[in-house]
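*Asks:* Return atomic coordinates for the entry below.
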Amino acid sequence: MDQDRTLHCHWHDKEGHWALTVSHNGREWELFAAGPFGTESLPFANPDEVRRLAQALLDLPAEPEPYEFEWELSRTESGRSGRERTWFATFAVGLDPSDDHRPYLAFQSYLHWDQTTALGMEVVCEDPPVDDLRAQAHAFLTGFPGPVRPQP
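*Replies:* Residues are numbered from 1 along each chain as shown. Next comes the predicted model:
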């Protein structure tokens, strides 16, 4: 995969390695969330939404102001019993108004199965390397500028 088609934030803390990555897996765009205790991946909409994410990263304000972009993701699978399980997640990029407008990327997932909904994985990148994210976003938008239009 061409590195210019990946948007990611990786970091370490006392718990271990964490990551949030949006990339193309050969079939579709996906969001991959990883923490010291597990990983999850969900389809990430379409190329236009990936470009919207790249633009949101590129436009992260340098000054404190209200700023948040959010995506709702989901994937449904049938278990061996034939019952459906659906994973839902929210992915957000923004400035936290409750914490001096610090930048963040956040992922929170939920699992719904029959009559049960369970909290899933939470991965939050606080104070991400904004300059690096902007550089990734610029490279992405330069290398993948718009939808492929059919030839007449």
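
*Asks:* Tell me where this protein has helices.
*Replies:* Applying DSSP state H to the chain gives helices spanning 47-58, 130-143.

*Asks:* between the shortest one and helix 130-143, how many degrees?
*Replies:* Angle, helix 47-58 to helix 130-143, by axes from the mean of the first three to the mean of the last three C-alpha atoms, to 10 degrees: 140 degrees.

*Asks:* Make 254 the first number, not 1, from now on.
*Replies:* Will do, 254 is the new start, and the previous item becomes helix 300-311.

*Asks:* which residues are in contact with helix 300-311?
*Replies:* Contact partners of helix 300-311, identified using C-beta atoms under 8 Å, 6 or more residues apart in numbering, comprise 260, 275, 282, 297, 322, 324, 346, 386-387, 389-391, 393-394, 397-400. Just so you know, the C-beta spots here come from the backbone N, C-alpha and C atoms, and that holds for glycine as well.

*Asks:* Tell me which of the helices of the chain sits most buried.
*Replies:* Most buried of the helices of the chain by mean neighbour count (mean count of other C-beta atoms under 10 Å) is helix 300-311; its value is a mean of 18.

*Asks:* rewinding a little: closest one to residue 362 among the helices of the chain?
*Replies:* Distance to residue 362, taken as C-beta to C-beta, is lowest for helix 300-311 among the helices of the chain, at 17.3 Å.

*Asks:* Sweet, I'm off.
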